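>>> Have a look at this prediction, sequence included:
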Amino acid sequence: MSIIRIDMNSPEFQAELEKTVKFTDKVIKQFGWEYNPQHEINEGVQMGLARNKMMYNKRFCPCYMVEEVDGKYQSSDNRICPCTTAIEKEIPEDGVCHCQIFCTPEFAAAKRVELGMEEVAHRHSRGLTKEECALLVNKSELDGDELHALLEARSLGMVDFKIVDVREYMEWQMGHIKGADALVPTSSFFQTLDEAKLSKDENIILYCHVGSRSAHCARILKDMGYTKIGNLTYGIVSYGGEIER
């Protein structure tokens, strides 16, 4: 199965996206929630919901895989927006849903404070040694600065690894990390994994929009016998390096 390509600039997609935004607005009002103060997160999730509506005729959560079972499409853990798990567990307990688009007013207020105070925690102004590269590339969770530093080191031949984007094709079109080696969309993960030609013993770093899809795919790859899997913890929205469009 090849990667499913939906033109995000098509009138059909734009019309569905408009309907989806109205849908998420209605959900927010119905439950008394708020949108995440990080607008790029909300936009990415809304686009994913619109894409799934076009592909499967249901607004499946874009952070979970969709599979065909007995001729019908279904999402892992029955995640259809707004999903039961978010309503009953995630938002009451964590203040935010798995996809991070919906949150409580308290969570939103705290996030706004955090974003206002946030400064770069550490910079990669100095080059890494080979020993540091070896330690960093084998971490299971990396932040944006760490991945940026590794990419600089890789360009100098000091370390070798693959970066795999597990978002969807239209998200890749909108912008992906410069140097990413493969696109393996979560929605067709098993069908397109072979096309990426990944070795089970090479270092592989996964990323998505906010880190949830990539963490899910990392667990799957480990179960499949891939031994050196890393995850960009907070996704591409946390990455300060060059974005290619």
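Alright, I've got the coordinates.
>>> tell me the phi and psi of residue 162?
Torsion angles at residue 162 (phi, psi; degrees, to the nearest 10) stand at phi -110, psi 140.
>>> from what I can see it touches residue 198, true?
Yes - at 6.3 Å, residue 162 counts as touching residue 198 under the criterion of C-beta atoms under 8 Å. Where C-beta positions appear, they are placed from N, C-alpha and C, glycine not excepted.
>>> which helices and strands sit right next to the longest helix along the chain?
In the chain, with assignment by DSSP state H, the single longest helix is helix 11-31. Applying 3 or more C-beta pairs under 8 Å, 6 or more residues apart in numbering; DSSP states H and E, one finds that helix 11-31 contacts strand 34-35, helix 39-56, strand 102-103.
>>> Now for residue 162 and residue 198: what residues contact both?
Common neighbours of residue 162 and residue 198, using C-beta atoms under 8 Å, 6 or more residues apart in numbering, are 182, 204.
>>> coming back round to it: and the helices and strands packed on helix 11-31, which is most packed in?
Most buried of these by mean neighbour count (mean count of other C-beta atoms under 10 Å) is strand 102-103; its value is a mean of 26.
>>> Let me know the pLDDT of the most centrally placed residue in the chain.
The residue lying closest to the centre of the chain (C-alpha atoms, centre = their mean) is residue 208, at 2.5 Å. On pLDDT, residue 208 comes in at 95.
>>> so what's it closest to, chain neighbours aside?
Nearest residue to residue 208 in three dimensions, chain neighbours excluded: residue 214, at 4.2 Å (C-beta to C-beta, 6 or more residues apart in numbering).
>>> The one you found contacts residue 206, doesn't it?
Yes - counting by C-beta under 8 Å, residue 214 touches residue 206, with 4.0 Å between them.
>>> Same drill for these two, tell me which one is more crowded.
More crowded of residue 214 and residue 206, by other C-beta atoms under 10 Å: residue 214, with 27 against 24.
>>> list the contacts for that one?
166, 206-208, 231-232, 235.
>>> Most neighbours among those residues, which one?
Neighbour-wise, the contacts of residue 214 (other C-beta under 10 Å) top out at residue 207, 30 neighbours.
>>> unless I'm mixing things up, it is touching residue 233, no?
No - counting by C-beta under 8 Å, residue 233 is not a contact partner of residue 207; they are 9.2 Å apart.
>>> So which elements touch the helix or strand of the chain with the lowest mean pLDDT?
Using mean pLDDT, DSSP states H and E, strand 66-69 stands out as the lowest-scoring helix or strand of the chain, at a mean of 78. Strand 66-69 is packed against helix 39-56, strand 72-75, with contacts defined by 3+ C-beta pairs under 8 Å, 6+ apart.
>>> Nothing else from me, thank you.
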